[in-house]
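Asker: Sequence and predicted structure are below.
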Amino acid sequence: MKQATWAAETARQLLETQLPIRWAHSNCVAAQARSLAPILGPDADLIETAAWLHDIGYSPDVTETGFHPLDGARYLRDVAGADAAVCRLVAHHSCARIEARHRGIAEELMTEFPRPRHDLERALIYCDMTGGPQGAVITVDDRLADIFRRYEPGSTVGLTMREAAPVLTDSVRVIQAQLALLKGGLAVPARC
């Protein structure tokens, strides 16, 4: 069985009923990950696995600290026995290290879960930042605008996302350029 098959079922159990909007988003993020298979090669299953699992830390069955990347990664490591690379990707998805710094837990995050490979981190950012909150593919600019609307500028998430926006945007643009090169300049987004 592929890791991604297990991950989809794990995410479904933790999100579908309790957090249906997060479940819709996770479905779209995983679809975006599948669309990257031609540029990811042997890492395609790893990124799809992390895409399914990236938001499980929001589940009431998983939440401990209230910082969903860390909660999700700890659950995957301690309860699910997931691969260390998956745990690192979940722990660090979409510039989580910045939010960890704002929360005063950056050292804890980095000690427990060293950063994943940069190219894999960038691929997961692409998937998360182009998978809309309602489960539809959106642009990174629209995704960030939605986040900025939902969180006050001075809130931890608001501060984090404003600081992370250039990295998130750049990551999406790099992946889009790779897809465009692969497809002869005709990058087509995945369908969720």
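Answerer: All right, it came through fine.
Asker: Show me what the longest helix along the chain packs onto, helices and strands only.
Answerer: In the chain, with assignment by DSSP state H, the single longest helix is helix 156-182. Contact analysis of helix 156-182 by 3 or more CB pairs under 8 Å, 6 or more residues apart in numbering; DSSP states H and E lists helix 37-40, helix 96-103, helix 118-130, helix 140-150 as its packing neighbours. Every C-beta, even on glycine, is put in place using the N, C-alpha and C of the backbone.
Asker: That helix vs helix 96-103, what angle?
Answerer: 170 degrees (axes from the mean of the first three to the mean of the last three CA atoms, to 10 degrees).
Asker: picking up where we left off before, export the helices and strands packed on helix 156-182 to a markdown table and tack on mean neighbour count, distance to Leu76 and mean pLDDT?
Answerer: Formatted as a markdown table, the helices and strands packed on helix 156-182 follow (neighbours: other CB atoms under 10 Å; distance: least, CB to CB, whole Å; pLDDT from 0 to 100):
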| stretch | mean neighbour count | distance to Leu76 | mean pLDDT |
| --- | --- | --- | --- |
| helix 37-40 | 15 | 20 | 96 |
| helix 96-103 | 20 | 14 | 98 |
| helix 118-130 | 23 | 14 | 98 |
| helix 140-150 | 15 | 24 | 96 |
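Asker: re the thing from before, any buried residues in the longest helix of the chain, and which?
Answerer: 158-162, 164-165, 168-169, 171-172, 175-176, 178-179 (16 or more other CB atoms under 10 Å).
Asker: Compute the first-to-last residue distance for stretch 105-120.
Answerer: 23 Å (CA to CA, to the nearest Å).
Asker: Go ahead and name everything in contact with it.
Answerer: With contact meaning CB atoms under 8 Å, 6 or more residues apart in numbering, stretch 105-120 is reached by 43, 46-47, 50, 65, 67, 69-70, 73-74, 85, 87-89, 91-92, 96-97, 100, 121.
Asker: Put the buried members of those into a PyMOL selection.
Answerer: A single PyMOL command selects the buried members of the contacts of stretch 105-120 (16+ other CB under 10 Å):
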select buried, resi 43+46+47+50+67+69+70+73+74+85+87+88+89+91+92+96+97+100+121
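Asker: Could you tell me which of the contacts of stretch 105-120 are located in strands?
Answerer: Judged by DSSP state E, strands contain none of those.
Asker: Done for today, thanks.
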